[in-house]
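> Got a predicted structure here, sequence first:
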Amino acid sequence: MGLPCGPIRSVGKPRGSVEGGLRVNPGMVHSDAGPVSRSAADANAGSQRHPGYNAAATTGASAVADHHSRATSPVLQRRSAGFAVCATLALAAAAQAADDPPGLAEADLLGPIPELSIVSHFPQTAARAPASTTVITADMLRAAGVMNWMDVFRLVPGFQAYAVNANRFGISYHGQGRELPNHLEVMVDGRSVYDPIQSTVVWGALGVELDDIDRIEIVRGPSAAAHGSNAFTGAVNIITRAPVQDNGTQVRATTGERGTRRMSLRHGDQIANFDYWFSLGFDHNDGFPDYNAFGPDDGAETWTANLRTTFTPTLADTLSFDAGFSRHDTEFGDADRLQEYIPVRYYNQHQRFAWERQLLGGRELEITFYRNYLRANGVRDFGLVSNLTGLDPGAIPTLFGIPDQHFVTGFHTLESERFDLEALYRAQTERLTWAAGAGARQDAIDSVFFTGDSGTHDEQLFRLFAHSEWRPFDRWSISGGAMAEKTPVGILLSPRVSVAYELFPDQTLRLSGARGRRSPSISEAQERQFSLLGGLVVDDVRRTADLDDERIDSLELAYLARFPEQGIDLDIKLFREQVSDGIDDYREPIPALPPFFDDERLVRDNFSSWDTTGVELQLFHRLSERSWARLHYAYQDLDSRYVNQFAPAREIKHFDGGTPRHSGGLLFNHRWSEQFDAGFFVYYQNGVEWRNGNRIGAFTRIDAQATWRFQIGPSQGQLQLVAQNLGGDYYEFNRENRFETAFYLRARVELPD
């Protein structure tokens with residue numbers, strides 16, 4: 001669906017043209033292509049008029065690039081808030097009508113139809129892509145006043161985004177409320193950041209500044225056919241600003257509630273055919289108030305450094321190199337066992353190299369190589385065993401067979417490393433566009449905590465994939481593709497196909513089906529976790545059975561419509577997903593250990609299943625040249641079962657309440673003048689019982705922002721006031737995470753070269 005989006009390739013543009021400062025061509029999967037020339041890029045920058053883009057981010061001739069609670073709020077408060085929001089929206093829409101430029105043509109309200117490449121490895125419109133999509137742009141992020149990754153993904157229908165604590169986020173699509181969700185593939189500029197040792201994304205150590213994001217492309221549905229088994233329920237590509245988009249120095253700072261202090265700097269320039277930018281960042285906050293009476297709080301401190309470069313030695317070749325580093329200090333532990341929280345320090349680094357070659361006849365070749373490395377250190381000394389147990393120190397040797405000593409636990413040191421190489425070939429004719437590729441990946445982990453030994457555990461995975469879009473007739477398009485992966489559990493085949501029919505101009509009905517197979521991560525398959533004290537096993541935590549792959553079958557019917565004269569873009573989908581052989585934990589009795597420790601352990605195996613049916617909606621409405629609104633909603637009905645224990649008696653449980661049945665949001669923004677705009681974001685989520693958290697009641701959260709732009713000589717800047725949760729307190733994920741009303745002030749200054 002053509003949602004508010006940045007410089008995305010548009011239908012009808014010639015190959016090699018430039019939009020928004022990027023060279024546009026059908027193979028630009030990761031937006032890494034450099035400009036044909038700096039002057040051409042400057043001439044075309046900001047020319048796009050996609051919904052929500054340039055609506056509130058430009059300043060005339062000079063554009064500023066923008067990027068439960070224990071007690072639920074009373075019903076009357078929610079209704080009053082709703083009436084206030086609707087009234088504001090209506091008044092703003094009416095008030096600005098007289099301010100619209102007199103020459104504005106209604107047919108221009110939506111602008112060109114955007115295309116995105118995340119679905120099939122080549123550009124497609126949302127109507128012809130074989131899966132539902134969402135695009136989140138820098139302008140949307142600014143208009144919503146987002147402060148963290150949870151805020152970002154609450155803009156997407158069907159996503160669950162929650163704060164495990166103030167600086168650890170659980171983000172999933174059609175998930176079940178896990179502390180470490182593991183079914184969503186996340187990429188940064190096409191580089192997977194899914195960590196094999198924790199089988200999730202370590203969002204705090206990602207090393208990406210929100211202000212450096214150009215847009216985020218999202219597949220809402222199984223995407224293993226294009227991105228491998230980690231894209232079990234969906235895929236995300238966070239696309240940072242291309243080097244050609246930045247020339248000069250930008251300084252940014254944020255201050256506000258919870259002791260928030262952020263500072264960052266980005267500098268970009270061009271040297272002949274070489275474009276680059278680098279950024280440095282610092283982020284500190286104190287976490288949720290009164291989080292943990294037992295000791296460690298959930299504050300965090302993060303340092304980041306990033307470099308992105310593009311070199312175009314010829315008109316046919318583009319070379320890209322990216323690198324980054326981050327250090328993230330926070331706390332880690334079970335939300336239900338706060339007394340066991342441990343301080344953790346993450347070190348994260350990556351390097352990525354890509355070469356893209358434009359061949360004759362509209363063909364393209366792209367080769368990408370990257371390396372990810374993550375290391376974490378985390379231990380906590382819980383004191384002497386005698387103090388923990390309340391026993392006399394002299395009794396410890398008799399009961400445990402060891403002298404009284406300190407009980408130290410935690411990660412200690414864990415490391416993961418990934419190498420990935422991929423070759424991708426693209427071609428197109430008048431009615432057929434296709435892409436094919438091959439790749440190899442090696443994952444390695446080293447952790448006594450996860451594996452029970454000091455050796456390095458590694459695995460190799462190989463993949464072949466192909467995708468195509470065929471238009472046999474003017475109104476019909478057929479898209480399909482598949483990936484075959486060679487994994488430790490066998491060769492996995494994940495296909496996907498869709499048929500789209502254009503009912504009327506700009507109105508399409510699409511039927512899609514997909515099957516995905518997910519191989520367990522290396523740590524999921526080889527985890528053996530226990531606690532030692534003086535060489536004695538005192539707590540047997542987890543073992544892993546002989547795991548097989550997880551399987552998902554998905555069917556969706558979507559209606560997509562654009563009404564340019566009314567400025568409306570609509571996307572509705574009905575879906576059903578069936579998951580079998582899901583990997584989950586059951587409890588197993590174990591032989592007696594020393595007293596005061598658990599008498600059972602967790603066993604990971606393929607024994608859960610769930611069906612999800614529902615509807616998702618995205619509606620964008622450009623009310624005028626100065627105002628736009630975006631509504632999204634998701635309804636999910638979850639039917640699940642898993643084995644909680646086999647002995648002494650088989651016990652079946654359900655996690656049907658592990659995902660919100662109703663969720664959605666309304667984002668509105670109005671540009672009052674060339675210097676000032678304001679807007680709000682209202683998000684609602686009904687009650688949910690998070691699997692690894694607590695039962696949380698329904699809540700409605702209202703955020704607002706006001707942005708003022710200014711210019712001093714050649715320098716431009718902006719001040720933004722952000723207010724979050726304008727209402728009563730509510731709770732996130734567990735009852736320790738009390739979210740109060742919070743205010744933040746953000747400043748940005750751009751210094752030209």
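The structure has been received and is ready for your questions. Numbering: from 1, shown residues only.
> any weak-confidence spans in the stretch 101-250 of the chain?
101-109 (pLDDT under 70).
> now the helices: where do they sit in the stretch 101-250 of the chain?
For the stretch 101-250 of the chain, the helices defined by DSSP state H, counting those that start in this stretch cover 138-144, 149-153, 224-227.
> Using TSV, please lay out these together with distance to residue 254 and mean neighbour count.
C-beta: built from backbone N, CA, C; applies to glycine. Converted to TSV, the helices of the stretch 101-250 of the chain look like this (distance: least, C-beta to C-beta, whole Å; neighbours: other C-beta atoms under 10 Å):
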stretch	distance to residue 254	mean neighbour count
helix 138-144	13	26
helix 149-153	13	22
helix 224-227	33	28
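> Flag the shaky bits of this structure, pLDDT-wise.
In the chain (pLDDT under 70), the answer is 1-109, 290-296, 334-339, 534-538, 592-597.
> Helices along that one, start to end?
Along the chain, counting by DSSP state H, helices occupy 38-44, 75-95, 138-144, 149-153, 224-227, 385-389, 396-400, 448-451, 522-526.
> Kindly export the last one (C-alpha atoms) in PDB.
Listed next in PDB are the C-alpha coordinates belonging to helix 522-526 (Å, rounded to 0.1, in the frame of the first residue of the first chain):
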ATOM      1  CA  ILE A 522      22.300 -22.900  16.700                       C
ATOM      2  CA  SER A 523      21.700 -22.000  20.300                       C
ATOM      3  CA  GLU A 524      18.100 -23.400  20.300                       C
ATOM      4  CA  ALA A 525      19.300 -26.700  18.900                       C
ATOM      5  CA  GLN A 526      22.400 -27.100  21.100                       C
END
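> other SSEs contacting that helix?
Judged by 3 or more C-beta pairs under 8 Å, 6 or more residues apart in numbering; DSSP states H and E, helix 522-526 is in contact with strand 432-447, helix 448-451, strand 456-473, strand 536-544.
> The same query, at a cut-off of 6 Å, please.
strand 432-447, strand 456-473 (3 or more C-beta pairs under 6 Å, 6 or more residues apart in numbering; DSSP states H and E).
> and the ones you listed, which is most packed in?
strand 432-447 (a mean of 19; mean count of other C-beta atoms under 10 Å).
> to the chain's geometric centre, what's the distance from it?
On the basis of C-alpha atoms, centre = their mean, to the nearest Å, strand 432-447 is displaced by 20 Å from the centre of the chain it belongs to.
> Out of the helices and strands packed on helix 522-526, flag the one nearest residue 510.
Comparing those against residue 510 with C-beta to C-beta, the closest turns out to be strand 456-473 (12.2 Å).
> Just checking: what are the partner strands of the closest one?
Sheet pairing here is set by DSSP bridges, and for strand 456-473 it gives strand 432-447 (antiparallel), strand 476-487 (antiparallel).
> need the ones you listed in TSV with distance to residue 234, can you?
What follows is those, written out as TSV (distance: least, C-beta to C-beta, whole Å):
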stretch	distance to residue 234
strand 432-447	20
strand 476-487	15
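> so which of these gets nearest residue 183?
strand 476-487 (15.7 Å).
> Name the residues that touch the closest one?
128, 130, 225, 461-467, 469-471, 492-501, 519 (C-beta atoms under 6 Å, 6 or more residues apart in numbering).
> Now do the buried residues in that strand.
477, 479-483, 485, 487 (16 or more other C-beta atoms under 10 Å).
> Stretch 174-188 too?
Buried-residue list, stretch 174-188, by 16+ other C-beta under 10 Å: 174-179, 181-188.
> so which of these comes closest to residue 163?
For the buried residues of stretch 174-188, the nearest to residue 163 is residue 179 (11.0 Å; C-beta to C-beta).
> separation between the closest one and residue 690?
Taking C-beta to C-beta, to the nearest Å as the measure, residue 179 falls 8 Å from residue 690.
> Same question for residue 149.
17 Å.
> again with residue 389
32 Å.
> Over to residue 135?
28 Å.
> quick one, what contacts residue 654?
640-641.
> want to throw the helices and strands packed on helix 522-526 into a markdown table with distance to residue 287?
Output for those, formatted as a markdown table (distance: least, C-beta to C-beta, whole Å):
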| stretch | distance to residue 287 |
| --- | --- |
| strand 432-447 | 26 |
| strand 456-473 | 33 |
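> Of the ones you listed, which is nearest residue 752?
Shortest distance between residue 752 and the helices and strands packed on helix 522-526, using C-beta to C-beta, is found for strand 432-447: 39.2 Å.
> Provide the contact partners of that closest one at residue level.
121-122, 196-197, 414-426, 456-470, 522-523.
> circling back: the strands paired with strand 456-473: which one's closest to residue 144?
The nearest among the strands paired with strand 456-473, by C-beta to C-beta, is strand 476-487 at 31.1 Å.
> who does the nearest residue to residue 607 once chain neighbours are set aside bridge with?
Excluding the flanking residues, the one nearest residue 607 by C-beta to C-beta, 6 or more residues apart in numbering is residue 643, at 4.8 Å. Going by DSSP bridges, residue 643 is paired in beta bridges with residue 652.
> Tell me how many other residues surround residue 314.
9 (other C-beta atoms under 10 Å).
> if I look at it, how far off is residue 356?
11 Å.
> mind listing what residue 378 touches?
By C-beta under 6 Å, 6+ apart, the contact set of residue 378 is 332, 342, 344, 410-411.
> ok, 10 Å please
By C-beta atoms under 10 Å, 6 or more residues apart in numbering, the contact set of residue 378 is 329-333, 341-346, 409-414, 449.
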